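S.K.: sequence first, predicted model second:
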Amino acid sequence: MFHIRMSDRGEVLLSGRFDAAQVENAKAVFDKLVTTTAVDFKDLNYISSAGLGVLMATQKRLKDSGHELKLRNVSGHIRDVFTIARFDLIFDIK
């Protein structure tokens, strides 16, 4: 199961499995972002290439206006996915 929501502090909170079946739910949230925003991965267990695609499209759109996504609390195995895809060079990951 995948959940995405905005926190009271304006962060995007992800949990569960972010795969192709969840792209439309995620896009509904990410498409509304217009400023630099933190995305909390603390409770995310899995991300597919479709999930990476949503993040990449959002990052590109935000960068065009001088903003970005900042990825936080990324687990080791999800960080490995970002490293293998070389997305660690595109995102601020902490």
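M.R.: Yep, it's here. Just so you know, these numbers come straight off a predicted model, no measurement behind them. Numbers count the residues shown, from 1 in each chain.
S.K.: scan this protein for its longest strand.
M.R.: Ranked by residue count under DSSP state E, the longest strand found in the chain is strand 37-47.
S.K.: run the chain-centre distance for that strand.
M.R.: The chain centre lies 6 Å from the centre of strand 37-47; the measure is Cα atoms, centre = their mean, to the nearest Å.
S.K.: so which bits of that strand are buried?
M.R.: Using 16 or more other Cβ atoms under 10 Å as the burial criterion, the residues of strand 37-47 that qualify are 37-41, 44, 47. For the C-beta atoms, the positions are set from N, CA and C on the backbone; glycine is no exception.
S.K.: got these as JSON lines, with pLDDT columns?
M.R.: JSON lines is the format used below for the buried residues of strand 37-47 (pLDDT from 0 to 100):
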{"residue": "37", "pLDDT": "98"}
{"residue": "38", "pLDDT": "98"}
{"residue": "39", "pLDDT": "98"}
{"residue": "40", "pLDDT": "98"}
{"residue": "41", "pLDDT": "98"}
{"residue": "44", "pLDDT": "98"}
{"residue": "47", "pLDDT": "97"}
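S.K.: which residues sit in contact with the residue lying closest to residue 20 once chain neighbours are set aside?
M.R.: With sequence-adjacent residues excluded and distances taken as Cβ to Cβ, 6 or more residues apart in numbering, residue 20 is closest to residue 50, at 3.9 Å. The neighbourhood of residue 50, defined by Cβ atoms under 8 Å, 6 or more residues apart in numbering, consists of 18-20, 22-23.
S.K.: one more time with 10 Å, if that's ok
M.R.: If you count contacts by Cβ atoms under 10 Å, 6 or more residues apart in numbering, residue 50 has them with 18-23, 26.
S.K.: so which of the residues you listed comes closest to residue 71?
M.R.: residue 18 (12.2 Å; Cβ to Cβ).
S.K.: how far away is the closest residue to that closest one other than its chain neighbours from residue 45?
M.R.: The shortest distance from residue 18 to any non-neighbouring residue, by Cβ to Cβ, 6+ apart, is to residue 51 (3.7 Å). To residue 45, residue 51 is 11 Å away according to Cβ to Cβ, to the nearest Å.
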